[in-house]
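Novice: got a sequence here, can you build the structure:
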Amino acid sequence: MDVSRKTRTVNIAFVSNVVYPYVKGGAQKRIHEIGRRLAADGHDVTVYGRHYWDGPRVIESAGMTLQAVAPEADLYAGERRSIPEAIDFAARALPSLRSLLPAREHDLVVASVFPYFPVLSTKLATLGLDVPVVTTWHEVWRDYWEEYLGPLAFGGKLAEYATARVPQLPVAVSGVTADRLAGIGPDRDRIRVVPNGLDTEQVRSAPLPNDPAEGYDVLFAGRLIEHKNVDVLLDAFDSVATRHDATLGIVGDGPEADALRRRAEGLDASDRIDFLGFLDEYEDVLGHMRVADIFASPSTREGFGITFAEAMAAGCTVIGATHPHSAADEVIGDAGFLAEPNTGAVAAALDRALGGERPDTDPQERADRYDWSSVATQAERTYERAIDGDW
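Specialist: Numbering: from 1, shown residues only. As a prediction, the model looks like this:
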């Protein structure tokens, strides 16, 4: 936080069905990291969510108050987030929020958008109260619903569209997400951008792999799903690997894992490619980033792209894809290389990086702008503007 800037104390409520660190994920980690820094700066912070922790419904954690407004529940039905869970949380949370928000005299409520229905209950809970509702949009799926839900895609699109049309003060994690949101809801000039963040010191001090030989020249980390285009990365790496005596490590798991392994086995450079699977410890992923020279992810759908920031903080030369649905260019800037998401373009970028070419801006310097302390200060100023009616 910018401790040199004096701020008044404000009373902030976050609404999220899942609460970090009891459930780990990007949206809830953002609330945790921003919230605990705001609390340390003297603000009152309460997080309303499901009862995932042991003990009473109300506890203190990292300077914040955690308040359970619904019992613990399974978040997933197979590979997908549970729609009944989202509806259940919204229904259970509404009466509690309706009584607790005015009783605790919150100045502001920040609702995490996904899985949509809690935004609707949060808005209903604040009717008649002079309490602004800020929403945080990590992604806007639109047509991706067809891939995710198939025949049920209309329901997902409708929920997203309806949520975008709820009166709110919207915050997006990137300009790309803000632009996509403006296509279904609020005017673009009404949407504020506050990026996601990371702990740069945690990245730079993460333990290295026990055996230095476990490191890779090129690393990918992420969910093995279609839009990540790991198949493109495999083919591109295959075309340059021998020339640079390079190795590739794939960290992650997902529905494409088996097909990608079979694809890799058929490549000339198959003996240079390892699939590490899902790593339980976050710091193990960071350790692999620290020993890698290059981090490559030709993904075409990134609402923000936190792995790019993490890899830059670790000192990697980063390669991302240029695509209208990806914020890679926003995050990377001129501190890495961008390529069209096809084999030839990604191979050319790998060739440059493996050949020793470095970006114009130091990646670690670029990553500093996404440190949680900087992000929390941006969030604090945005929330104050919401309270002051200066949106």
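Novice: pop out the phi and psi values for the closest residue in space to His43 that isn't next to it in sequence.
Specialist: The shortest distance from His43 to any residue other than its chain neighbours is 5.3 Å, reached at Val10 (C-beta to C-beta, 6 or more residues apart in numbering). All C-beta spots, glycine's among them, are computed from the backbone N, C-alpha and C. As for Val10, its main-chain torsions (degrees, to the nearest 10) stand at phi -120, psi 160.
Novice: now do the contacts for Lys306.
Specialist: Just to correct that, residue 306 is Ile rather than Lys. 26, 196, 198 (C-beta atoms under 8 Å, 6 or more residues apart in numbering).
Novice: so what pLDDT did the second one get?
Specialist: We have a pLDDT of 95 for Asn196.
Novice: around it, how many other residues sit close by?
Specialist: Number of residues near Asn196 (other C-beta atoms under 10 Å) recorded here: 24.
Novice: with the last one instead?
Specialist: Applying other C-beta under 10 Å, we find 21 other residues in the vicinity of Leu198.
Novice: what ranges do the helices span in the stretch 51-200 of the chain?
Specialist: Using DSSP state H, counting those that start in this stretch, the helices found in the stretch 51-200 of the chain span residues 83-103, 117-125, 144-149, 153-165, 175-182, 200-204.
Novice: is it fair to say Phe295 lies in a strand?
Specialist: Yes - under DSSP: H, G, I helix; E, B strand; the rest coil, Phe295 falls within a strand.
Novice: quick check: it vs Val119, distance?
Specialist: For Phe295, the distance to Val119 equals 34 Å [C-beta to C-beta, to the nearest Å].
Novice: re earlier: most packed of the helices of the stretch 51-200 of the chain?
Specialist: Across the helices of the stretch 51-200 of the chain, averaging neighbours per residue (mean count of other C-beta atoms under 10 Å) puts helix 117-125 on top, at a mean of 23.
Novice: quick one: mean pLDDT over it.
Specialist: If you average the pLDDT over helix 117-125, you get 94.
Novice: who are the neighbours in contact with the residue lying closest to Asp293 once chain neighbours are set aside?
Specialist: Closest residue in space to Asp293, ignoring its immediate chain neighbours: Asp217 at 5.2 Å, by C-beta to C-beta, 6+ apart. By C-beta under 8 Å, 6+ apart, the residues touching Asp217 are 244, 246-248, 292-294, 354.
Novice: recalculate using a threshold of 6 Å.
Specialist: By C-beta atoms under 6 Å, 6 or more residues apart in numbering, the contact set of Asp217 is 246-247, 293.
Novice: which residues are in contact with the lowest-mean-pLDDT helix or strand in the chain?
Specialist: Confidence across the helices and strands of the chain bottoms out at strand 80-81, with a mean of 80, counting by mean pLDDT, DSSP states H and E. Residues from elsewhere that reach strand 80-81 (C-beta under 6 Å, 6+ apart): Pro115.
Novice: and if we set it to 8 Å?
Specialist: Contacts of strand 80-81 (C-beta under 8 Å, 6+ apart): 75, 114-115, 148-149.
Novice: chain center to it: distance?
Specialist: 16 Å (C-alpha atoms, centre = their mean, to the nearest Å).
Novice: who does that strand pair up with?
Specialist: Strand 80-81 has its sheet partners listed here by DSSP bridges as strand 76-77 (antiparallel).
Novice: what's the span of stretch 285-304 from first residue to last?
Specialist: Using C-alpha to C-alpha, to the nearest Å, the end-to-end distance of stretch 285-304 comes to 19 Å.
Novice: do stretch 218-230 as well
Specialist: 13 Å.
Novice: repeat that for stretch 187-199.
Specialist: End-to-end distance of stretch 187-199 (C-alpha to C-alpha): 32 Å.
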